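1. Fold the following for me, if possible:
(one chain, ligands or ions: 1)
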Amino acid sequence: MPVYEYYCSHCRTKFEALRPMRAADDPIRCEHCDSQRTARVLSVFFAASGGADGEARSLGGGCGCGGQCGCGASHN
Ligand SMILES: [Zn+2]
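-> Next comes the predicted model:
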């Protein structure tokens with residue numbers, strides 16, 4: 001079961017919860033103040049994938065194949 005991160009706008013605290021994927025966006029009570037003013041935080045997964053993209057881009061132009069796949073990378 002995946003871990004989701006939630007943010008409570010009542011006490012301004014983040015907390016995590018283990019939930020089935022289909023229940024990820026269901027209402028959940030804050031574990032600190034028991035408020036239902038919570039929202040799922042999407043940053044964990046997307047921050048991780050964005051970091052991977054940044055790493056690939058820093059390797060140089062084109063797709064990094066050295067010109068062998070016809071992507072237009074300079075090889076002359
Ligand atoms: Zn709270």
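2. Okay, now the unreliable bits of this protein?
-> Of all residues in the chain, those with pLDDT under 70 make up the ranges 43-64, 66-68, 70, 72-76.
3. how about the residues of it near the ion?
-> Counting by C-beta under 5 Å from the ion, the residues of the chain close to the ion are Cys8, His10, Cys11, Cys30, His32, Cys33, Ser35. Placement of C-beta: from N, CA and C, glycine included.
4. helix or strand for the third one, which one?
-> Of the helices and strands defined by DSSP states H and E, none includes Cys11.
5. For burial, what's the neighbour tally of it?
-> A count of neighbours around Cys11, defined by other C-beta atoms under 10 Å, yields 15.
6. The protein: strands as residue ranges?
-> Taking DSSP state E as the criterion, the chain carries its strands at 3-8, 13-18, 38-41.
7. for the second one, packing partners?
-> Packed against strand 13-18 by the contact rule (3 or more C-beta pairs under 8 Å, 6 or more residues apart in numbering; DSSP states H and E) you find strand 3-8.
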